[in-house]
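Colleague: Structure of the sequence below:
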Amino acid sequence: MNEHPHTAPSPGRDDGPPSSLRPSRRAVLAAIAASTATAVPMLSATPAAAASDPHRDLLYVGTWGQSQLHAVRFDPVSGTMNALGSVATVSSNWVAVHPTRPVLYVAGAEVGGFIRTFRLDDASGAVRQTAEIGTEAVPGGSGGLSYIGLNSDADTLLVADFATGSAATLSVGRTGRLGGVASRVQDTGSGPNPRQAAPHVHHVVIDPSRRFALVADFGADRVFVHGYDRATHELSARPDGDGAYATAPGSGPRRLVFHPSGRTVYLLNELTADIQVLGWNARTGVLTPQQLLTTNAPDHTGAMSAAELAISQDGRHVYVSNRGDNTLVVFSADPHTGLLTEVQRLSCGGTTPWSISLHPGGRWLFVANKASNTVNLFGVEPRSGRLSDTGTSVAVPAADCIAIRSSQGTAGSTRF
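Modeller: Residues are numbered from 1 along each chain as shown. Below you'll find the predicted structure:
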């Protein structure tokens with residue numbers, strides 16, 4: 001569906017979406033029935049019962065190229081999932097949930113870099129669009145936005161624009177409403193892979209000191225380190241690229257996550273399917289290499305494609321999804337050095353694990369398996385960090401990312 005910026009609600013208004021975006025009651029019920037019928041395995045609770053229970057969590061699932069946003073009801077006690085079907089017609093490259101407010105942010109693939117906000121109904125899982133904001137100063141090419149996420153203060157939305165090779169920030173009010181674009185920083189550079197002809201920002205995170213922003217640029221083979229102003233929500237490029245960390249040519253930096261200690265950064269490279277342990281100096285904003293490990297199986301052949309990175313809340317375990325092997329890889333992290341040791345490698349339960357999300361309670365991990373059109377559930381053993389496939393999944397077309405709205409009032413997602 002083509003959407004036009006001039007017809008969209010303004011950031012300051014709480015307008016509903018056009019009537020064409022509201023599915024009829026009959027369409028919603030049909031979608032629920034279809035999704036439930038194809039779930040694997042058949043679940044014990046009916047979607048109607050799950051939708052009326054406000055004490056279960058909600059998963060909002062983006063779909064790659066499908067222009068649909070799906071919802072799933074999850075019971076963290078029993079580990080059951082019930083598909084609620086498509087709840088909005090919207091391009092959804094990436095999704096993020098506010099940690100305390102019933103607000104969902106959805107990043108699109110269209111030229112213009114559009115982010116849309118939705119008001120959530122915790123009882124039913126329904127969503128209502130409230131705003132739309134274009135983030136690109138100059139429209140980019142194909143690819144759209146590759147990531148959005150809130151900082152730890154939940155007052156800044158971080159935006160990775162793959163198409164334009166730029167990072168942006170938007171201010172976030174106390175109610176979760178977005179302000180205007182606060183800043184944009186343009187990357188430069190390229191790599192040897194045909195997909196690296198220009199910069200392509202894939203991820204943006206704020207360091208624990210709240211003084212720097214780290215930008216993983218897939219196209220430039222760099223992790224750029226920019227200044228971050230906590231008061232104004234602005235990013236600022238450092239002179240002459242000071243602080244930029246160069247990865248191996250053709251590696252394609254994709255995801256970053258900080259260890260809770262604040263002294264270690266984990267970097268996942270897509271094209272070489274490896275994970276790097278980097279030391280972090282919060283005073284100077286400089287990254288230094290410490291360890292490099294493959295995420296591929298020893299007998300791997302063919303294309304390499306690492307996809308997602310997550311870390312447990314206590315920092316003891318790091319999780320990776322590998323699309324080339326269709327596997328999940330678990331690493332233990334040394335509490336003093338941050339160095340990693342592989343402890344487990346297992347099937348992702350489907351095909352093309354585009355992303356993974358840890359549940360806030362620490363007992364569960366969700367996998368968005370894009371090519372097999374499923375969201376799969378894995379149990380997490382807290383002490384060892386090891387995963388176990390529960391055999392539970394729900395059908396979601398081209399699932400690419402998962403945001404978690406917890407019934408306890410806290411949100412979870414693939415780590416920001």
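
Colleague: Next, count neighbours for residue 93.
Modeller: 24 (other Cβ atoms under 10 Å). Every C-beta, even on glycine, is put in place using the N, C-alpha and C of the backbone.

Colleague: Surely it is in contact with residue 144?
Modeller: Yes: using Cβ atoms under 8 Å, residue 93 is in contact with residue 144, at 5.2 Å.

Colleague: tell me, what's touching those two both at once?
Modeller: Counting by Cβ atoms under 8 Å, 6 or more residues apart in numbering, the residues touching both residue 93 and residue 144 are 107-109.

Colleague: Specify which member of those is nearest to residue 193.
Modeller: Closest approach between those and residue 193, by Cβ to Cβ: residue 109, at 21.2 Å.

Colleague: nearest residue to that closest one other than its sequence neighbours?
Modeller: Of all residues not flanking residue 109 in the chain, residue 144 sits nearest, at 3.4 Å (Cβ to Cβ, 6 or more residues apart in numbering).

Colleague: got a list of what the one you found touches?
Modeller: By Cβ under 8 Å, 6+ apart, the neighbours of residue 144 are 91, 93, 107-111, 113, 161-163.

Colleague: let's go with 7 Å and repeat that
Modeller: Neighbour list for residue 144: 93, 108-110, 113, 162-163 [criterion: Cβ atoms under 7 Å, 6 or more residues apart in numbering].

Colleague: do the same with residue 76
Modeller: Residue 76 neighbours (Cβ under 7 Å, 6+ apart): 57, 359, 361, 363-364.

Colleague: okay, the residues you listed in a markdown table with secondary structure and neighbour count next?
Modeller: Below are these laid out as a markdown table (DSSP: H, G, I helix; E, B strand; the rest coil; neighbours: other Cβ atoms under 10 Å):
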| residue | secondary structure | neighbour count |
| --- | --- | --- |
| 57 | strand | 22 |
| 359 | coil | 20 |
| 361 | coil | 17 |
| 363 | coil | 15 |
| 364 | strand | 23 |
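
Colleague: Make a markdown table from those and add distance to residue 223 and pLDDT to it.
Modeller: Listed next are those as a markdown table, based on distance: Cβ to Cβ, whole Å; pLDDT from 0 to 100:
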| residue | distance to residue 223 | pLDDT |
| --- | --- | --- |
| 57 | 33 | 96 |
| 359 | 28 | 97 |
| 361 | 31 | 92 |
| 363 | 32 | 96 |
| 364 | 30 | 98 |
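
Colleague: And these, which two are furthest apart?
Modeller: So, the contacts of residue 76 by Cβ to Cβ: farthest apart are 57 and 363, at 11.8 Å.

Colleague: quick one on the thing from earlier: save the contacts of residue 76 as JSON lines, and put in distance to residue 138 too.
Modeller: Listed next are the contacts of residue 76 as JSON lines, based on distance: Cβ to Cβ, whole Å:
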{"residue": "57", "distance to residue 138": "39"}
{"residue": "359", "distance to residue 138": "39"}
{"residue": "361", "distance to residue 138": "43"}
{"residue": "363", "distance to residue 138": "45"}
{"residue": "364", "distance to residue 138": "41"}
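
Colleague: Now do residue 242, the pLDDT please.
Modeller: Listed pLDDT for residue 242 reads 67.

Colleague: for residue 385, that is, sorry about that
Modeller: Listed pLDDT for residue 385 reads 97.

Colleague: again with the one 10 residues further on
Modeller: pLDDT for residue 395: 98.

Colleague: Any stretches of the stretch 51-200 of the chain with poor pLDDT?
Modeller: Within the stretch 51-200 of the chain, the set of residues satisfying pLDDT under 70 comprises 51-55.

Colleague: all strands of it, in order?
Modeller: Taking DSSP state E, counting those that start in this stretch to define them, one finds strands in the stretch 51-200 of the chain at 57-63, 69-75, 80-88, 94-97, 103-107, 114-120, 127-134, 145-150, 156-161, 166-172, 178-186.

Colleague: mind checking which of those is nearest residue 402?
Modeller: Judged by Cβ to Cβ, the one of the strands of the stretch 51-200 of the chain that comes nearest to residue 402 is strand 57-63, at 5.4 Å.

Colleague: And the contacts of that closest one?
Modeller: Residues outside strand 57-63 that contact it (Cβ under 7 Å, 6+ apart) are 69-74, 76, 92-95, 97, 104, 122, 125, 366, 368, 375, 396-407.

Colleague: Apply 8 Å and report the result again.
Modeller: Contact with strand 57-63 is made by 69-76, 81, 87, 92-95, 97, 104, 106, 120, 122, 125, 127, 357, 359, 366, 368, 375, 396-407, as judged by Cβ under 8 Å, 6+ apart.

Colleague: Return the per-residue confidence for residue 237.
Modeller: On the pLDDT scale, residue 237 gets 85.
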